[in-house]
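Engineer: fold the following.
(2 chains)
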There are 2 protein chains.
Amino acid sequence: MISYKKEFIEFIHNLQDEICESIENEEEKEKFKEDIWERPEGGGGKTRIIENGALIEKGGVNTSIVFGTLPEIMQKQFKVKEGDFFACGISLVLHPNNPFIPTVHANYRYFELYDNDHKLVDMWFAGGSDLTPYYYYEEDAIHFHQINKNTCDKFDAKFYLKYKKSCDNYFYNQHRDEARGIGGLFIDYLRPTSTHSEKFWFDFIKSVGNGFLASYLPIVKKRRENKYTRENKDWQEIRRGRYVEFNLIHDKGTLFGLKTNGRIESILMSLPPRVQWVYNFKPVKDSAESKTLDILKTPKDYKLN
Amino acid sequence: MISYKKEFIEFIHNLQDEICESIENEEEKEKFKEDIWERPEGGGGKTRIIENGALIEKGGVNTSIVFGTLPEIMQKQFKVKEGDFFACGISLVLHPNNPFIPTVHANYRYFELYDNDHKLVDMWFAGGSDLTPYYYYEEDAIHFHQINKNTCDKFDAKFYLKYKKSCDNYFYNQHRDEARGIGGLFIDYLRPTSTHSEKFWFDFIKSVGNGFLASYLPIVKKRRENKYTRENKDWQEIRRGRYVEFNLIHDKGTLFGLKTNGRIESILMSLPPRVQWVYNFKPVKDSAESKTLDILKTPKDYKLN
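Structural biologist: Numbering: from 1, shown residues only, chains lettered A, B, ... in the order given. Model prediction:
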């Protein structure tokens, strides 16, 4: 196995800079603020947060590089004995002000495991992104998925549908019987094999990550001038409640981070800025809100090129 | 074993009426609205919700009576084989508008287990209440705990400290290393023994429940005229975020309800109406906000009579 530590670290730091810069170019009021933190057991991260912007109500674009002795809870999860690990990744969530712009989440990450002789014994790439609209526009959903599909198709014609389906399965609020959003890609455990080298998987995840801005920014630009009312904002804040429910009840990454003593404020930066819980809220029949909810009840297969 | 089904059902319905009536007497703008629901597998409940009141921003005072085949997940939790169960209880959460009035939670419940011949093989009483202030007033905390202690002391001089300690342990946001609030009582698995009869435990839980209004209403009356600013409200909404985190990440009752296909809207009525997550928010040093936070970092033993 060939380690891609160096290459992956370079990739996530470049992507973090590129995404923050592109968002700041669209944002008139605020800039990202950076917190650099250290992990007592090894490694650390660069957390970049933007709050109360004109465009972005709250967002984070974080990188972290952590390593050391594999915590017991990770030994159990990966079903391995004691040893060392290395993990790095970029994780982002953007909650725009305007309820007509969807919330977006993405992360791209890399993992290495070593035995007691510090020999690399396992490695994998992972990542993906998903979109959470408050008001459904079919053309926006198609755009987002088409960009993902274009990237996937360069590597394998079967990838897009495979990882799109994983995404629909993963970002699902079982207790509400509805999807968190309209999906995207969810890719995990990409290990080198005789047919797919380390380089192949690295190039794949890198391409997916480098396609993020092309998948999201055009939607931002298209919807940012939409006028909205207090009612639109209320709906957005109620739906953000479902986002919180997913992240705190179901999201393996979040719960894993909390259990392994990760940096709380970096993990929970994903939570939206202002949220409402209204008892048994039901949108008006045939309204834009209720049509969006219908879409979330049954993840859709989009007609793509 | 002597079943207390009939008595417990009467107790929770009376208490539900009494609490709703007392809150409505204090509330000038809104009344509770009742939703009666049925559980497909057996039983149902009466959910009573108040929203956007002058005093109560959101609150629920719910009763439920459910029974039938013991779900597999409950078999695992109670480490028993298949059989039937019966459970009933009252559960309430009140989120006041005024940030100087604490949020309060209480529940009182009763459980029966039967073997395959429908013979009663196990039963227990449980319950308690806890207070979550946004601004700490020592005299309010003492009042709340003193009422609980007065009730406990009538039954056993050791009860108050025992169940107060359980409460401090239970309502703890491990991932933040801080308590949800200033505690109260957390009582579980009160089973009849040779020294403590069914009647003894029923009388105890009933007394604790019947003391709820005396523990909370005087605090409401004392703080309801406090003037507050947008900054006080922001702090309340940020702290409500911690309430959400506890209920969705740690609260066994909530997670159990979600996993056993309980009525979602009745379970999640506990979530606050308006909530904020601000990245890495730190209150100003020596402010009222920071003093409240200090109290939550180390659960306190109050000097009571």
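
Engineer: so which residues on the stretch 1-150 of chain A come close to chain B?
Structural biologist: Contacts of the stretch 1-150 of chain A with chain B, taken as Cβ under 8 Å from any Cβ of the partner chain, map to A:Asp35, A:Ile49, A:Glu51, A:Lys58, A:Gly60. Every residue, glycine included, has its C-beta placed from N, CA and C.

Engineer: now name the helix or strand holding the spatially most central residue of chain A.
Structural biologist: For chain A, A:Ala106 is the residue whose C-alpha lies nearest the centre (Cα atoms, centre = their mean; 2.4 Å). A:Ala106 belongs to strand A:103-114 when assigned by DSSP states H and E.

Engineer: quick one: list the elements packing against the strand or helix carrying A:Glu57.
Structural biologist: Using DSSP H and E, the element containing A:Glu57 is strand A:56-69. Taking 3 or more Cβ pairs under 8 Å, 6 or more residues apart in numbering or on different chains; DSSP states H and E as contact, the helices and strands that strand A:56-69 lies on are helix A:5-26, strand A:43-51, strand A:84-96, helix A:264-267.

Engineer: would TSV of those with mean pLDDT, mean neighbour count and distance to B:Leu190 be doable?
Structural biologist: Shown next, in TSV, are the helices and strands packed on strand A:56-69 (pLDDT from 0 to 100; neighbours: other Cβ atoms under 10 Å in any protein chain shown; distance: least, Cβ to Cβ, whole Å):
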stretch	mean pLDDT	mean neighbour count	distance to B:Leu190
helix A:5-26	98	17	54
strand A:43-51	97	20	46
strand A:84-96	97	23	44
helix A:264-267	96	20	36
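
Engineer: out of these, nearest to B:Gly128?
Structural biologist: Closest to B:Gly128 of those is helix A:264-267 (Cβ to Cβ; 27.5 Å).

Engineer: next, give phi and psi for whichever residue of the stretch 51-200 of chain A sits closest to chain B.
Structural biologist: Relative to chain B, the nearest point of the stretch 51-200 of chain A is A:His175 (4.4 Å; Cβ to the nearest Cβ). Dihedral pair for A:His175: phi -70, psi -10, per degrees, to the nearest 10.

Engineer: and the helices in chain A?
Structural biologist: Along chain A, counting by DSSP state H, helices occupy A:5-26, A:72-78, A:138-153, A:159-170, A:198-210, A:212-223, A:230-245, A:252-259, A:264-267, A:288-297.

Engineer: quick one: which of the ones you listed is nearest B:Ile238?
Structural biologist: helix A:264-267 (12.7 Å).

Engineer: and that closest one, how far out from the chain's middle?
Structural biologist: Distance of helix A:264-267 from its chain centroid, counting by Cα atoms, centre = their mean, to the nearest Å, is 15 Å.

Engineer: is there proximity between that helix and chain B?
Structural biologist: Yes. Taking Cβ under 8 Å from any Cβ as the criterion, helix A:264-267 and chain B are in contact, through A:Ile264, A:Glu265.

Engineer: re the thing from before, show me the one of the helices and strands packed on strand A:56-69 that comes nearest A:Asp188.
Structural biologist: Comparison of the helices and strands packed on strand A:56-69 against A:Asp188 by Cβ to Cβ identifies strand A:84-96 as nearest, at 12.2 Å.

Engineer: with only the CA atoms kept, save that closest one in PDB.
Structural biologist: As requested, the backbone C-alpha atoms of strand A:84-96 are provided in PDB (Å, rounded to 0.1, in the frame of the first residue of the first chain):
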ATOM      1  CA  ASP A  84      -1.900   3.800  15.500                       C
ATOM      2  CA  PHE A  85      -4.100   5.800  13.100                       C
ATOM      3  CA  PHE A  86      -3.900   8.800  10.900                       C
ATOM      4  CA  ALA A  87      -6.900  10.700   9.700                       C
ATOM      5  CA  CYS A  88      -7.300  13.900   7.800                       C
ATOM      6  CA  GLY A  89     -10.200  15.600   6.000                       C
ATOM      7  CA  ILE A  90     -12.100  18.700   5.100                       C
ATOM      8  CA  SER A  91     -15.700  19.200   6.300                       C
ATOM      9  CA  LEU A  92     -18.000  22.000   5.400                       C
ATOM     10  CA  VAL A  93     -21.600  23.200   6.100                       C
ATOM     11  CA  LEU A  94     -23.100  26.400   4.700                       C
ATOM     12  CA  HIS A  95     -26.400  27.700   6.000                       C
ATOM     13  CA  PRO A  96     -27.400  30.700   3.800                       C
END
